[in-house]
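Visitor: have a look at this fold, sequence not included:
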């Protein structure tokens, strides 16, 4: 059953779909944490500074790279989805999906380089 | 499990967020240099009506967009249907909106000066 | 000289044998293989076919995990180490063995208003058709659909959401929407905007990637999304 499913889905747009879905899910799960940390500015400023200090650690930087990538790929992937829905042309889907991934990766790399 | 109305809300909030995400990415790439501190973040945002308006709009869009997105996932991968699905969407949206607005308030007007 | 054979696994609904050794021939199709099994190895095997030349749309099955027309697929193209697994189409109830119940597929075809909405009577002239008209180009793009349900079986959104109308039915809606001879514009937009409508599509594109007629249901569904979005704003005004 699993082997058959894998063949069935082995094409670029299905991959683009699963990347969009999983990045969206991950962002939705991360956001409550993000919001809670920022709220510490009001309730416990010292703790906020302590937590922000964690962003200096290598492993946390890698995680941040991932988050920036997730945000960028979800946005560019979403724009790619909407283009053929709102514009009356038969879109070069695969090229657009690849471009979205490439631009997102570059942005995340830029972020990481500035962070280091 | 998406109707025309939910689909339109999903697309409209996406279009609202597209420039805001670019802005947010820009701020992150700019702000991360030299490390993050509460002082630096608050120095930028505190008392600013503009940042409040921008991030409140962002948060509202996120809450709507996220709730509808999670609804689709809950329906397709979690088998949710009917009232359970509706409840999940509304609770998720309210949760994200509440937490998000609290955070926006905290970094603009809420923090002790 | 030993006869060359294929190792064929049939995914069956009954307890009957599922493994067969089928003699190889030149230019042999998957349908030939299934027919050989039914005629020479197990007469109880149920499957469906009619034209054998890719016109009737009745012989689609899952071949090594991919929904295909068995009549237009050479066995040599799908063999993996001399073996192949053949099962019924996904997303439809199995009647027996390789035969699926197509009722849900056709019910959704009707639910998407995939029926003729008359615009003239027999006393009127036939509507003139300009083949280069943009709407006609959109309509013509989808008219070669023969209801084989390959796209329906390929679609993960259909799997996850039993009310989703699916690529074939929605593409027919889009075709009729653009057909000057069809008066169903509003009825179609209404039909494709419900809980099972076009807005559930995630553009994963398996329909377009696997359509044996090389049609593009994904873009047809995108067209429906565009038209329903326009009507959404019109209704608000």
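Guide: Cool, got the structure. None of the values given here were measured: they were computed from a predicted structure. Numbering: from 1, shown residues only, chains lettered A, B, ... in the order given.
Visitor: show me which residues of chain C sit near chain B.
Guide: C:157, C:160-161, C:163, C:193-195, C:197, C:199-200, C:225, C:228-229, C:232 (C-beta under 8 Å from any C-beta of the partner chain). The C-beta positions use only the backbone N, C-alpha and C, and glycine is treated the same way.
Visitor: which pair of these spans the longest distance?
Guide: C:160 and C:232 (24.7 Å; C-beta to C-beta).
Visitor: who has more neighbours, these two?
Guide: Remark: of residue C:160 and residue C:232, residue C:160 carries more neighbours, 19 against 16, as counted by other C-beta atoms under 10 Å in any protein chain shown.
Visitor: correct me, but the more buried one touches residue B:77?
Guide: Yes - counting by C-beta atoms under 8 Å, residue C:160 does reach residue B:77; the two are 6.8 Å apart.
Visitor: spell out which parts of chain B neighbour chain C.
Guide: B:1-8, B:11, B:72, B:75-77.
Visitor: how about a cut-off of 10 Å?
Guide: Counting by C-beta under 10 Å from any C-beta of the partner chain, the positions of chain B adjacent to chain C are B:1-8, B:10-12, B:72-73, B:75-79, B:81.
Visitor: quick check: buried residues in stretch B:42-54?
Guide: Buried residues in stretch B:42-54, counted by 16 or more other C-beta atoms under 10 Å in any protein chain shown: B:42, B:45, B:46, B:51, B:52, B:54.
Visitor: and the helix or strand of chain B with the lowest mean pLDDT, what does it pack onto?
Guide: Ranking every helix and strand in chain B by mean pLDDT, DSSP states H and E puts helix B:38-45 at the bottom, with a mean of 81. Judged by 3 or more C-beta pairs under 10 Å, 6 or more residues apart in numbering or on different chains; DSSP states H and E, the packing partners of helix B:38-45 are helix A:12-43, helix A:45-53, helix B:4-31, helix B:49-78.
Visitor: tilt between that helix and helix B:49-78?
Guide: Interaxial angle of helix B:38-45 relative to helix B:49-78 (axes from the mean of the first three to the mean of the last three C-alpha atoms, to 10 degrees): 110 degrees.
Visitor: not counting its neighbours along the chain, what's nearest residue 79?
Guide: Since no chain was named, I'll use chain A. Leaving aside its chain neighbours, residue A:79 sits nearest to residue B:18 (6.3 Å; criterion: C-beta to C-beta, 6 or more residues apart in numbering or on different chains).
Visitor: oops, wrong one, chain C.
Guide: Spatial nearest neighbour of residue C:79, excluding adjacent residues (C-beta to C-beta, 6+ apart): residue C:6 at 6.3 Å.
Visitor: isn't the one you found up against residue C:85?
Guide: No - counting by C-beta atoms under 10 Å, residue C:85 is not a contact partner of residue C:6; they are 11.2 Å apart.
Visitor: and for those two, which residues touch both?
Guide: Common contacts of residue C:6 and residue C:85 (C-beta atoms under 10 Å, 6 or more residues apart in numbering or on different chains): residue C:78.
Visitor: neighbour count winner among those two?
Guide: Counted by other C-beta under 10 Å, residue C:6 and residue C:85 do not tie: residue C:6 has more neighbours, with 21 against 18.
Visitor: which of the three states applies to the more buried one?
Guide: Under DSSP: H, G, I helix; E, B strand; the rest coil, residue C:6 falls in the strand class.
Visitor: which stretch of helix or strand covers the residue nearest in space to the middle of chain A?
Guide: Nearest residue to the geometric centre of chain A (C-alpha atoms, centre = their mean): residue A:70, 0.7 Å. In this assignment (DSSP states H and E), residue A:70 forms part of helix A:58-86.
Visitor: for residue C:213, see how far away residue C:7 is.
Guide: 30 Å (C-beta to C-beta, to the nearest Å).
Visitor: nope, residue C:107 is what I was after
Guide: Residue C:107 is 22 Å from residue C:213, where distance means C-beta to C-beta.
Visitor: over to residue C:234?
Guide: Separation of residue C:234 from residue C:213 (C-beta to C-beta): 34 Å.
Visitor: neighbour count: those two, which is higher?
Guide: Set residue C:234 next to residue C:213 and count neighbours by other C-beta under 10 Å: residue C:213 wins out with 14 against 8.
Visitor: returning to what we had before: helix or strand next in line after the helix holding residue A:70, which one?
Guide: Of the helices and strands lying after helix A:58-86 in sequence (DSSP H and E), the nearest is helix A:93-115.
Visitor: what helices or strands is that following helix leaning on?
Guide: Helix A:93-115 packs on helix A:12-43, helix A:58-86, helix B:4-31, helix C:217-236, going by 3+ C-beta pairs under 10 Å, 6+ apart.
Visitor: need the pLDDT of residue 105.
Guide: With no chain named, the answer covers chain A. pLDDT for residue A:105: 82.
Visitor: meant chain B actually
Guide: For residue B:105, pLDDT reads 92.
Visitor: with residue C:17 instead?
Guide: Residue C:17 is assigned 78 on the pLDDT scale.
Visitor: can you pull the contacts of it?
Guide: So residue C:17 contacts C:10, C:37, C:41, C:42, C:44, C:45 (C-beta under 10 Å, 6+ apart).
Visitor: just give me the closest of those to residue A:92.
Guide: Proximity of these to residue A:92 (C-beta to C-beta) peaks at residue C:10, which lies at 39.7 Å.
Visitor: how many other residues sit next to the closest residue to residue C:120 other than its chain neighbours?
Guide: Leaving aside its sequence neighbours, residue C:120 sits nearest to residue C:127 (C-beta to C-beta, 6+ apart; 6.6 Å). Around residue C:127 there are 11 other residues, counting by other C-beta under 10 Å.
Visitor: with residue B:90 instead?
Guide: Per other C-beta under 10 Å, the neighbour tally for residue B:90 reads 12.
Visitor: and what of residue C:4?
Guide: 9.
Visitor: try residue A:33
Guide: Residue A:33, neighbours per other C-beta under 10 Å, totals 10.
Visitor: now for it: which residues touch it?
Guide: Shown in contact with residue A:33 (C-beta under 10 Å, 6+ apart): residue B:99.
Visitor: could you check how far it is from residue A:51?
Guide: Using C-beta to C-beta, one obtains 10 Å as the distance from residue A:33 to residue A:51.
Visitor: residue A:63 too?
Guide: 13 Å.
Visitor: of these two, which one has the most company?
Guide: Legend: neighbour count by other C-beta under 10 Å for residue A:63 and residue A:51, higher for residue A:51 (17 against 14).
Visitor: thought that one was touching residue B:38?
Guide: Yes - the pair residue A:51 / residue B:38 is scored as a contact, 9.0 Å apart, by C-beta under 10 Å.
Visitor: so what sits against both of the two?
Guide: In contact with both residue A:51 and residue B:38: A:38, A:40, using C-beta under 10 Å, 6+ apart.
Visitor: okay, now residue 62: neighbour count?
Guide: Picked chain A for this. Counted with other C-beta under 10 Å, residues neighbouring residue A:62 total 11.
Visitor: could you do chain B instead?
Guide: For residue B:62, using other C-beta under 10 Å, the count is 24.
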